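Engineer: Need a 3D model of the sequence below.
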Amino acid sequence: MTLPDLLAPSYTQMLGALSAWLAKAEAQRPAGEAEDLLRARLAPDMFPLATQIRFACVQAQEGMCRLRGEEFPASVGVLLEEGRNAAEHPGSIAEARLRIAETIAMVEAAAADAAAIGPKTPIAHALPQGMIFDLTAEQYARDWAIPQFYFHVMIAYAILRAQGIELGKADYVAHMFAHLRPGTMPQQ
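Structural biologist: Model (predicted):
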């Protein structure tokens with residue numbers, strides 16, 4: 001199993017869940033009010049929901065590209081720019097769901113091709129502030145790609161919950177129901 005093989009299912013499952021949460025938000029709010037959620041934050045110094053969504057997409061696209069030894073597609077730059085400006089221009093939920101769908105398609109296409117760098121391949125991971133982390137591909141996947149992706153997905157979930165959207169653990173792990181043993185679902 002390659003590192004992209006490990007990450008791709010997590011990316012697609014959780015991005016699919018994120019899109020479903022946004023659909024629930026639209027269904028639970030009167031027309032137009034759901035769009036206001038995109039500006040919501042957990043704390044004043046945190047990015048809003050619109051940014052969390054775009055940065056989750058960035059993490060998935062970057063992770064797949066880095067672990068395949070590829071340059072980032074132009075979409076990464078677009079998502080980063082949209083994310084950094086999302087407080088002023090959050091876009092719409094339809095646009096956010098489109099970004100998620102585009103990212104899922106990119107991850108699935110990359111996963112279908114077996115190309116991957118080796119786990120010990122060096123990766124220099126540079127951040128916009130000028131910091132650079134020297135990691136192996138395995139360290140990058142374990143210590144950066146997975147935690148950063150889940151951070152942004154979880155913050156999006158927390159913002160929606162804090163704004164009163166009815167979501168629960170079943171929404172977070174919806175992909176697990178495909179593995180549920182028949183007859184073991186509790187009766188309500």
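
Engineer: For the chain, give the helix that spans the most residues.
Structural biologist: Assignment by DSSP state H gives helix 3-28 as the longest helix of the chain.

Engineer: Centre of the chain to the following helix or strand past it, how far?
Structural biologist: Under the assignment DSSP states H and E, the closest C-terminal helix or strand after helix 3-28 is helix 33-36. Distance, stretch centre to chain centre, for helix 33-36: 20 Å (CA atoms, centre = their mean, to the nearest Å).

Engineer: Which SSE is immediately downstream of helix 33-36?
Structural biologist: Next along from helix 33-36, by DSSP H and E: helix 49-66.

Engineer: Mind picking out the helix or strand in the protein with the poorest mean pLDDT?
Structural biologist: Lowest mean confidence among the helices and strands of the chain (mean pLDDT, DSSP states H and E): helix 33-36, at a mean of 89.

Engineer: which secondary structure elements does that helix contact?
Structural biologist: Helices and strands touching helix 33-36, by 3 or more CB pairs under 8 Å, 6 or more residues apart in numbering; DSSP states H and E, are helix 3-28. All C-beta atoms are positioned from the backbone trio N, CA, C, and that covers glycine.

Engineer: So which elements touch the helix it packs on?
Structural biologist: Against helix 3-28 (3+ CB pairs under 8 Å, 6+ apart) you get helix 33-36, helix 49-66, helix 93-112, helix 146-162, helix 169-172.

Engineer: Check those for me and report the most buried one.
Structural biologist: Most buried of those, by mean neighbour count (mean count of other CB atoms under 10 Å): helix 49-66, with a mean of 26.

Engineer: pretty sure Phe133 is in a strand, no?
Structural biologist: Yes. If the criterion is DSSP: H, G, I helix; E, B strand; the rest coil, then Phe133 is within a strand.

Engineer: got a list of what it touches?
Structural biologist: By CB atoms under 8 Å, 6 or more residues apart in numbering, the contact list for Phe133 reads Ala124, His125, Ala126, Leu127, Trp144.

Engineer: So for the residue most central in space within the chain, what's the nearest residue that isn't a sequence neighbour?
Structural biologist: In the chain, the centroid-proximal residue (CA atoms, centre = their mean) is Ala56; its distance is 2.9 Å. Using CB to CB, 6 or more residues apart in numbering and skipping residues adjacent in sequence, the residue nearest Ala56 is His152, 3.9 Å away.

Engineer: Same check on Lys120?
Structural biologist: Thr136 (5.1 Å).

Engineer: Thank you kindly, that will do.
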